[in-house]
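Novice: Fold the following for me, if possible:
(2 chains)
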Amino acid sequence: MRAKAVYKALLYCYPAAFRHEYGDQMMLMFAEQMGEARRTGRRFQAAGLWIEAARDMLFVAPKEHCHVILEDLRYALRVMGTRPGLAAVALLSLTVGIGVNTAIFSLWNGVLRSPLPGVVKPEQLVILTDPSTAGGWTGNETGDRHWLTYAEFEQLRDHVGSFSGLMASQSFLDRWQIRFEGGGWEETRGRLVSGDYFQVLGVSARLGRVFTATDDGATPAYAVISDSYWQRRFGGRADVVGRTFTLRNAVLTIIGVTPPGFIGETIGQQPDLWVPVRMQAAVRPGDDLLHDTPPSKTMWLHVFGRLKPGVAPEQAGAEANAIFKAGLESFYGAITSPERRREFLDQRLKIRAGERGASETRSDFSTSLTALLGAVGVLLLIACANLANLLLARGAARRSEMALRLSLGASRGRLIRQALTESLTLAVMGGAAGLAAAYWFHAMLARMIAQSDRDFQMSFALDPQILVFTLAITTMTAMLFGLLPAWQITNTDAGTSLREHSRGSTGGIGQSRWGRALVALQLAFSLPLLVGAGLLARTCYNLQHVKLGYAADHLLHVDVNSRMSGYDTARSGALFRQLLGELRAIPGVQAASFSIDGLFTGSHSRTKVDVEGFTLRGDEDRDAEFDVVGPNYFSTLGVPVILGRELLDSDSAAAPKVCVLNEAFVRRFFTGRNPIGMRIMTNDDEKRKTYTVVGLAKDMRAQGLRGNIEPQFYVPATQPPGDSLNRANFLIRTATEPAPAMAAVRKAFQRVDAALPIVSARTMEEQMAPLTAQDRVTAQLALVFGGIALALAAIGLYGVLSYAVARRTGEIAIRMALGAQPAGVIGMILGETVSLVAGGLVVGAGLAYAASRLIDSRLYGVAPQDPLTLIAATSLLLLVALAAAYLPARKAARLDPMTTLRQE
Amino acid sequence: MRDKNPDSLLPLPAAVFHILIALADRDRHGYSIMQDVAARTEGKVQLSAGTLYSSIRRMLEQGLIEELPESPDPTSTDERRRYYRLTRFGKRAAAAEVERLTALVKQARVTGLVPGA
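Specialist: Numbers count the residues shown, from 1 in each chain, chains lettered A, B, ... in the order given. You can find the predicted model right below:
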C-alpha cells in the first residue's frame, strides 16, 4: 500500500495533463508488476521496478514537460500570427524597452559598480588618493590629498609595512603622438606608471613581459601595450614585442601585451600603452614631475596599495599617514612661520576601497546614469501596462474561445499557463532583440558620454551580470504584462461567457475597469518622465544662456605649449609677444591676447592673498583665483573695465607690479572701499609678491558655468606670481566667421615657430561644448523617453476608449434617439476621459515631485519643484489624452441611432 | 493526420516499433503490451510505465494507434483498463519502417559489412 502511495506521489513529476490522462493506467500497471514480483518472490524484480520508476522521473517526465511547453509555444506563435500588427507593436516596444534598460544598466553597472576588470583580488586594493578626480596640481594643498607627488609615493612604498605592494599611476590619461619606424605620427592614449604597477594589480603579460619594480632603478625605455591596441594596431601579431617607436624625446621598445579585458586602474578609460614613470623627463619634456622644490609640490599621481592579509584599511591608513606626516615635516622644515607651518602640515591621506578603481566619470555621471536607469525602468513599466492593455482588449475577443475550452474540461491553471507562455514568448523574443539593440544603444550612449568626457571608453560586455539582468527584466516584463490579462481572460464562467458572446457583447465590465486602471497608471508614470525631461531641457537652456560677461562668438581659443619645444620662461614671454604681433596682423582679426589658464580648459590657479586694509576674521579663508594674462586681455574679450584701466603692453617686467580685480574680489576683500591703488600680496613664502590694483573688471565666467564666480585677480604675463610661463591659451577676436580664420591663425603660429606644439585650436563654441554635453545628452535622452511614454499612453488611452465606445453603442444610440446632440456625445466621452486622466495625473504629480529630487544636483536655474514645468508637462499630457480620445468620441457622435438600435 | 506520409515519422523509435508489433495481432491494454514485448524479446526489452505511456501519448497524437471506446474482451473484469488498436496509418508506418530496415540490412550485406544470406 505504501509503495502505491509513493508511486502516486512520484507521478506528480509529470505534467498535470499527462497525469490526468495516464496516471491511473500507470498506477494499475505498477500495482500489477509489484504483485507479480511478490508472487514469484523475486526481490530483485521489485527493486528493478523502483529503479525504472526513478529513471522515468528523470528522463521521461522532463520530456513530457518539454512537450507541453513546445505545444504552448506553437499555439502562442499561431495566435501571434493571427494578429501580426499587435505582435509587431508588442515586439517593438519590448525590444526598445528591454534594449535601453540593458544598455543603461550595463553602463551604470560598468561605471558605478563593477570592480576593476582583469585585476587579481581587487577587494584587497585600497587607494590613498581621491579616486573621483584626475589631474595635476603644482603648489600646496590642505586637507585630504587629491593626488600624491612621486617622492611621496616612493617614501610610502619604501616604508609602509601594511601593504604587500604599492604602485603609482598618472591620474589623468595622456594623449601621445608616437611614430613607428617608417610610419607617420599616430595618436595614442597612455599613462606613466610606477615599475611595480602590474605586480600590485596582479597582472602578467599575455605576450612578452610587463615591467617590474627593478625597472624603476634606471630609466628603462620600455612600453607595455594593451590587448585592444595590439589587436587594433597590429592585428594581434606576435612580432610586436621588440618593436620600437618614438615618443617625443625617447625611443621606446614594446616589451609586452596585457591580457584582454585589462584596462588598468581607471574605470571608463582604455589606455593603449603604459610607460614607466621614470621616463617622465623624456616623455613629457620641459616638466619635472618627479622632484619638488619646497614649498611647492607637484601632485599628479594616484597611489594604490594591496593590503597584506589580515591588515585592516584603517590600520594601513594610520601607518601611511604617520609616514606621510613625517615626510611633510621634513619637506617644509625650512619654513619658520608657525602659522604657515600649520597650514602646510594640515594635509592627510584618506584611505578608500580601491576595488572599483579610480574614475572621474563615475562621480560626474553617477546622478545622470542613475536617473536615466530609473527613467528607462519606468518606461519599461509603461510599456508593460500598455501591452497588458492590448492583451486585455484582445483577450476580450478570445473569451469565448477560453470559455469553450473550459467547458471542454481544460483546467484554469492550464489556460493561465498557456496565456503566460504567450507573453513569455513575446518577452523572450523582445529580450533577444533587446540584447542586440542594447549593444547598439550602449555604443551610442558611450559616444554621448565621450562628448563631455573625451577619454571615456567602455565597450558592451555580455557578462553574466548583464545576462542575469536582461533575463530577469524579460521574465518580470512577461509576468507584468501577461498575468493580469491571463487572469482576466480565464476568469469566466463557461456558460455565462458563451451566452454573452452570442449576444454580441465583447467583454465584461471588469475588462474595462482594468483597462482604465492601466491607462491611468501609464499616465501617472509618464508625468515624472515628462517633468524630468522638461527640467533637464530648461537646465540645458539655462546653461547655454549663462551670462559669460563677454561674447563667445567670433572668438578663437588656441592652446600652445612652449616648454615642450624647449622655451624657458624668459624666452616664452618673448615668443608670446611675437605671436600676438603676428596674430593682430591677420586681416579680419580685431584683437588678440592670451592667458595661462585660458577659458574653460579646466585649469585653475589659486593662491592665498593678503589684502591691504583687510583683516581676516576667525577661520575665514583668504584664497583667491588668479590668472596670468597678456596685454589687452579684457578689451579682446570685451569684458568692461569699470574702474581704472586694463593691463597693457606698458606693464613690462621692469614696470611696477600691477593687477586687475574682478567684482567678486572687491565684494570679498574691499567691501565699501575703492580698491584702486591698494596693494595685494600673494602669499608664497619664498616668492611673496606685491601688486598694486590698477583696475576693476566686471565679473566673467572663465571656467565653470555653474556655481558662484570666485574672487579673482589678473596679473600681467611679464609679472607672474610664480616663476614659470610655459603655456598660453591665445584668444583671438575675429570680425568674420571664426572657423575659416583658423587656417590663417595656424599659419601665423607656424611662421613664428614651425615646431611649436599646438595642443588645441577651437572656436569658443567648440571649446564650451563639452561643458554642457552631459546636460544636453541627459536632456535629449529624457525627452526621447518622455516622448515614447507619451505615445504609449496615447495608444493605451485610444485603445481603452475605442473599446468603451464600441461596448456602449447601444446606450449612446438611445441617448441620441432621445435627443442628445453629437457635440453632447463628444463632450460626454471627453468628460469621461478627463476624469480618467485626472486620476492618473494626480498620482503622477506626486511621483514627479518625488522623482525630481533625484536630479536636483543636475539642475541649474530651475527648482526641482518648478511649477511652470509641472503645469506644462501636465497640460501636454492632457492635450495628448484629449487628442487620443477625440477619434473614438467622434465615432460615437456619428452613430446613426436607428441603425444601431436595430442591430442591437 | 492519417493522410500524411508515414516516411516523415521514420526512423521510428524502438519503443514505438515494439508497441506497433505488439498491437499487430490483437488490441491490447498497456500492461499487456509491456508483457508481450518482454515475452517476444525474451525479457531483453522491458518497457517502463513512463516510456510506455509517453510513447502511447505520442502515437495517439500521430495517429499510429487509437483508443477503443470499450473493452474488446467481454469477459474482462477490470473496466479501468484502456485498450489500444493499430490504425491503418500505423500499419503503413510499420511497413515503411520494415522497408527502411530491410534496405539497410541489404546494404550492409552488399558491402560485406556482414556475411550475406
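Novice: gap between A:Ser194 and chain B?
Specialist: A:Ser194 is 67 Å from chain B, where distance means CB to the nearest CB, to the nearest Å. Every C-beta, even on glycine, is put in place using the N, C-alpha and C of the backbone.
Novice: before we move on, what about A:Thr569?
Specialist: 90 Å.
Novice: Could you do A:Val519 as well?
Specialist: A:Val519 is 43 Å from chain B, by CB to the nearest CB.
Novice: How about A:Arg571?
Specialist: Distance from A:Arg571 to chain B, by CB to the nearest CB: 91 Å.
Novice: Next one: the helix or strand harbouring A:Ala446, is it in contact with chain B?
Specialist: Using DSSP states H and E, A:Ala446 falls within helix A:412-452. No. Helix A:412-452 does not reach chain B (CB under 8 Å from any CB of the partner chain); its nearest approach is 15.8 Å.
Novice: quick one, phi/psi of the residue nearest the centre of chain B?
Specialist: The centroid of chain B falls nearest to B:Leu20 when counting by CA atoms, centre = their mean (1.7 Å). With angles defined as degrees, to the nearest 10, B:Leu20 sits at phi -60, psi -40.
Novice: Run through chain B and note the low-pLDDT ranges.
Specialist: B:1-3, B:74, B:76-79, B:117 (pLDDT under 70).
Novice: who touches residue 93 in this structure?
Specialist: Picking chain A for this. With contacts defined as CB atoms under 8 Å, 6 or more residues apart in numbering or on different chains, A:Ser93 is in contact with A:383, A:386-387, A:430, A:792.
Novice: wrong one, I was asking about chain B
Specialist: So B:Ala93 contacts B:6, B:9-10, B:12, B:20, B:64 (CB under 8 Å, 6+ apart).
Novice: what residues does chain A put near chain B?
Specialist: Counting by CB under 8 Å from any CB, the residues of chain A that sit close to chain B are A:14, A:18, A:21-22, A:24-26, A:28-30, A:32-33, A:52-53, A:55-57, A:59-61, A:63-64.
Novice: Among these, which are located in helices?
Specialist: Among those, DSSP state H puts A:18, A:21-22, A:24-26, A:28-30, A:32-33, A:52-53, A:55, A:61, A:63-64 in helices.
Novice: filter those to the buried ones?
Specialist: With burial judged by 16 or more other CB atoms under 10 Å in any protein chain shown, the buried subset of these is A:18, A:21-22, A:25-26, A:28-30, A:33, A:52-53, A:61, A:64.
Novice: How about chain B: which residue is closest to chain A?
Specialist: Distance from chain A to each residue of chain B (CB to the nearest CB) is smallest for B:Gly50, at 2.8 Å.
Novice: Give me the distance between that residue and A:Ala794.
Specialist: Counting by CB to CB, to the nearest Å, the separation of B:Gly50 from A:Ala794 is 54 Å.
Novice: ok, those two, which is more surrounded?
Specialist: Taking neighbours as other CB atoms under 10 Å in any protein chain shown, B:Gly50 and A:Ala794 compare with B:Gly50 leading, 27 against 21.
Novice: show me what contacts that one?
Specialist: Applying CB under 8 Å, 6+ apart, we find B:Gly50 in contact with A:14, A:26, A:52-53, A:55-57, A:59-61.
Novice: Domain ranges for chain A, per the record?
Specialist: A:2-81, A:122-353, A:361-544+A:771-903, A:563-755 (automatic domain parsing).
Novice: Need the distance between the two termini of the second one.
Specialist: It refers to domain A:122-353. 9 Å (CA to CA, to the nearest Å).
Novice: and what of the third one?
Specialist: Separation of the first and last residues of domain A:361-544+A:771-903 by CA to CA is 67 Å.
Novice: circling back: dump the buried ones among the ones in helices among the residues of chain A next to chain B to a markdown table, plus distance to A:Ala850.
Specialist: Below are those laid out as a markdown table (distance: CB to CB, whole Å):
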| residue | distance to A:Ala850 |
| --- | --- |
| A:Phe18 | 50 |
| A:Glu21 | 54 |
| A:Tyr22 | 56 |
| A:Gln25 | 60 |
| A:Met26 | 58 |
| A:Leu28 | 63 |
| A:Met29 | 63 |
| A:Phe30 | 61 |
| A:Gln33 | 66 |
| A:Glu52 | 61 |
| A:Ala53 | 57 |
| A:Ala61 | 49 |
| A:Glu64 | 49 |
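Novice: With pLDDT as extra columns, can I get those residues in a markdown table?
Specialist: Converted to a markdown table, those look like this (pLDDT from 0 to 100):
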| residue | pLDDT |
| --- | --- |
| A:Phe18 | 90 |
| A:Glu21 | 88 |
| A:Tyr22 | 91 |
| A:Gln25 | 91 |
| A:Met26 | 92 |
| A:Leu28 | 90 |
| A:Met29 | 90 |
| A:Phe30 | 91 |
| A:Gln33 | 88 |
| A:Glu52 | 90 |
| A:Ala53 | 91 |
| A:Ala61 | 93 |
| A:Glu64 | 92 |
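Novice: Determine the longest helix present in the chain.
Specialist: Using chain A. Per DSSP H, chain A has its longest helix at helix A:360-407.
Novice: Not quite, go with chain B.
Specialist: Max-length helix for chain B by DSSP H is helix B:88-110.
Novice: buried stuff in that helix?
Specialist: B:89-90, B:92-94, B:96-97.
Novice: could you list every residue that touches the residue in the stretch 651-800 of chain A positioned nearest to chain B?
Specialist: At 38.1 Å from chain B, A:Gly799 is the closest residue in the stretch 651-800 of chain A, using CB to the nearest CB. Contact analysis of A:Gly799 by CB under 8 Å, 6+ apart lists A:389-390, A:393, A:515.
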